[in-house]
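In: how would this look folded up:
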Amino acid sequence: MIVTERSVTHLQSLLEIAIQALPVGIVVHNDQGRCILANAAAQELGPRALHDLPRGALLHPDRLMVEQVGARMVEAQAQSVLVEQEAYTLTSLIDVTHHHDLQRDLINRAYIDALTSLPNRTMFEQSVEDLIAQAGPTDRFALAFIDLDNFKHINDYYSHAAGDALLRRVSDRIRGALRPSDMLARLGGDEFVLLLNPITDWATTLAEITEISERLKQPCFIDGHEIFASASIGLSLFPDHGSTYEILRRQADNAMYQVKGCAKGGVSLFEETMSHIATERMAVEQRLRLAIRDRCFCCAFQPKVDMRTHAVLGVEVLLRWRDELGMIHAPGDFIGLAIELGLINEITLQILSETISSIHRIDEIFGVDVTISLNIAAKQACDVPFMTKFCEALGKTGMAGRFVLELTEEAFFAKGLFQREVLPCIRAVGARVSIDDFGVGYSSLAALAEITADELKIDRSFITDIHNRPRSQILLRAIESLGLALGMSIVAEGVETYEEVAYLLGATQIRCAQGYYFAKPMLIDQIDMADGRPSTERGSNRHRQTFRSRAYDVRKCAHR
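Out: Residues are numbered from 1 along each chain as shown. Presented below is the predicted three-dimensional model:
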């Protein structure tokens, strides 16, 4: 190709324009180190990019070097060039700030908890495993598993925003008590895990964790509310309680559950016996899952009785588990675990199905006009998808009008959720609502005023030995007046003695009672066996007459 003088000049101008227009910085230094060329992109990066970066990059030719220049991250690469026997250094400069920010964001997403800015589960686990891998024969550290108590109630009542604020406050309080070598992470939800490294002895470490526990019990002021919280904390030690992260975490978790089961808000150091408890707990969990699969849950029935006429007004359906050996277990043996594991929903639906299939026997034994009460756990009551499904199943039976759903006070404590979304579903199918165990939970008068419940069940703690407890008598009358004023029927729970019945008859307007004095909860086949006759010969009159006879005796004695 023939290049004229005009063409060479034209190409030089075009090349200069192209170099200046490049988004990549180009810097050229001569062999004396003087900058003889810098395009616009390089000059925009500032003087350091024109001089310091090329010199640093020249020390590592053909290798990328990333440096921070002001608020930017710049990637520099230098190479030597020879032009007409003269040596030059050509350095390319690329602004990689966006790429670096994106990379940092991805790392944060992978290793940092977005809510608290603490390390997350993955980062914490890797850090502990690295620590174990590098540990010498005398190195010791502690792992603490921290679980906030009743956090769901705070979320439900004060709002999820307040719950998030509390989690941030908790993380700040714990961090304020740590050394630079310690590490706090959030595993998710209301669970935190803490690495204390190094430690000298378990007594000192236990004292430090106890101090953190006391810090967490101090009130938090959030959105104008004074919120009290606490945490149950379990502690494991390396290498005493395990030589891997997973074992140490599990042992600390076991110790934490020991606290939950005894006195929430405390601290417990792992002991070997806790492993056996955890193993037993896992065995019960597996048996529960098999029981759900094999439909091994059944119903016991306990009547609600009019103490004056002894008519059976209703019957409460009580959950029982018939295990693989045929033994019957009361809910106290497994209900807490079922709720914790999220198994209670399926169990409740099975109990509803079992109750419906037993309706003809319920009618025969207790009467066709009795109400049927089913217990709903507080956690279920605020589970809108489950309650929607439950109400639909109840509505399809065509008998919803006979059912009363018994919920503890905690269910009504979920601010607005139960009233706004769940209660309308219950009312729509025609079922009624009862507040169970009233007086031992939150007993929130504000929450009670917002709930249009049909029935108020006074907890047995107010009824036991009521005739000998003047202060309990005052509280009982106050609860009775409150319930009646709000248009609710009143049921006294846990009535077991003649003296308790006599007091209720003589000193209150309460008519309906439930308890061992009248009848223990019994399975249908147990009722059949107690009657001593084939079921075809039995009728509801015989069973109802039993209650009426006892009521007559009570009324007669009460008026002596």
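In: So what touches stretch 507-515?
Out: Contacts to stretch 507-515, defined as Cβ atoms under 8 Å, 6 or more residues apart in numbering, come from residues 302-308, 313-314, 316, 457-458, 460, 463, 473, 476-477, 480, 484, 489-496, 501, 504. Backbone N, C-alpha and C define where each C-beta goes, glycine included.
In: Report the buried residues of stretch 237-255.
Out: Going by neighbour count (16 or more other Cβ atoms under 10 Å), the buried part of stretch 237-255 is 237-238, 241-242, 245, 248-255.
In: Can you check what pLDDT the model gives residue 8?
Out: At residue 8 the predicted local distance difference test score is 67.
In: Oh, that last question was meant for residue 541, not what I typed.
Out: According to the prediction, residue 541 has pLDDT 50.
In: What is the nearest of the buried residues of stretch 237-255 to residue 327?
Out: Of all the buried residues of stretch 237-255, the one with the least separation from residue 327 (Cβ to Cβ) is residue 254, at 26.6 Å.
In: The stretch 1-150 of the chain: strands as residue ranges?
Out: Under the criterion DSSP state E, counting those that start in this stretch, strands of the stretch 1-150 of the chain are mapped to 25-30, 35-38, 65-69, 72-83, 86-95, 141-148.
In: sorry, back to before: show only the entries of the buried residues of stretch 237-255 found in helices.
Out: Secondary-structure check on these using DSSP state H: residues within helices are 245, 248-255.
In: Next, format those residues as JSON lines and append pLDDT and distance to residue 357.
Out: Shown next, in JSON lines, are these (pLDDT from 0 to 100; distance: Cβ to Cβ, whole Å):
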{"residue": "245", "pLDDT": "93", "distance to residue 357": "49"}
{"residue": "248", "pLDDT": "93", "distance to residue 357": "49"}
{"residue": "249", "pLDDT": "92", "distance to residue 357": "45"}
{"residue": "250", "pLDDT": "90", "distance to residue 357": "42"}
{"residue": "251", "pLDDT": "91", "distance to residue 357": "45"}
{"residue": "252", "pLDDT": "92", "distance to residue 357": "45"}
{"residue": "253", "pLDDT": "90", "distance to residue 357": "40"}
{"residue": "254", "pLDDT": "87", "distance to residue 357": "40"}
{"residue": "255", "pLDDT": "89", "distance to residue 357": "44"}
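In: Name the nearest of those residues relative to residue 158.
Out: Scanning these for proximity to residue 158, where the rule is Cβ to Cβ, the winner is residue 253, at 27.2 Å.
In: re the thing from before, and the contacts of stretch 507-515, which of them are in strands?
Out: In strands, judged by DSSP state E, the following of these are found: 302-306, 313-314, 316, 457-458, 489-492.
In: Closest one to residue 214 out of those residues, please.
Out: Relative to residue 214, the closest of the ones in strands among the contacts of stretch 507-515 is residue 458; by Cβ to Cβ it sits at 36.1 Å.
In: And the helices in the stretch 201-350 of the chain?
Out: Listed from the start of the chain, the stretch 201-350 of the chain has helices (DSSP state H, counting those that start in this stretch) covering 202-216, 245-262, 272-293, 335-340, 344-357.
In: just the stretch 401-550 of the chain next, same as before
Out: Along the stretch 401-550 of the chain, the stretches classed as helices by DSSP H, counting those that start in this stretch are 409-412, 417, 423-429, 445-450, 460-463, 470-485, 498-507, 524-531, 540-558.
In: could you say what helices and strands the fifth one packs with?
Out: Other elements packing on helix 460-463 under the criterion 3 or more Cβ pairs under 8 Å, 6 or more residues apart in numbering; DSSP states H and E are helix 470-485.
In: CA atoms of the helix it packs on as PDB?
Out: What follows is helix 470-485, C-alpha atoms only, in PDB (Å, rounded to 0.1, in the frame of the first residue of the first chain):
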ATOM      1  CA  PRO A 470     -59.900 -15.300  99.600                       C
ATOM      2  CA  ARG A 471     -57.700 -13.500  97.100                       C
ATOM      3  CA  SER A 472     -58.400 -16.000  94.400                       C
ATOM      4  CA  GLN A 473     -62.100 -15.600  95.100                       C
ATOM      5  CA  ILE A 474     -61.800 -11.800  94.500                       C
ATOM      6  CA  LEU A 475     -60.000 -12.400  91.200                       C
ATOM      7  CA  LEU A 476     -62.500 -15.100  90.200                       C
ATOM      8  CA  ARG A 477     -65.500 -12.700  90.700                       C
ATOM      9  CA  ALA A 478     -63.600 -10.000  88.700                       C
ATOM     10  CA  ILE A 479     -63.000 -12.400  85.800                       C
ATOM     11  CA  GLU A 480     -66.600 -13.600  86.000                       C
ATOM     12  CA  SER A 481     -68.000 -10.000  85.900                       C
ATOM     13  CA  LEU A 482     -65.700  -9.100  83.000                       C
ATOM     14  CA  GLY A 483     -66.700 -12.100  80.900                       C
ATOM     15  CA  LEU A 484     -70.400 -11.600  81.500                       C
ATOM     16  CA  ALA A 485     -70.200  -7.900  80.800                       C
END
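In: got a list of contacts for it?
Out: The contact list for helix 470-485 (Cβ under 8 Å, 6+ apart) reads 438-439, 448, 456, 458, 462-463, 465-466, 489-490, 503, 507-510.
In: Of all pairs in these, which one is the farthest apart?
Out: If you compare every pair in the contacts of helix 470-485 using Cβ to Cβ, the most distant one turns out to be 448 and 465, at 25.9 Å.
In: Among those two, which residue is more densely surrounded?
Out: Neighbours around residue 448 and residue 465, counted as other Cβ atoms under 10 Å, are more numerous at residue 448. The numbers are 19 against 12.
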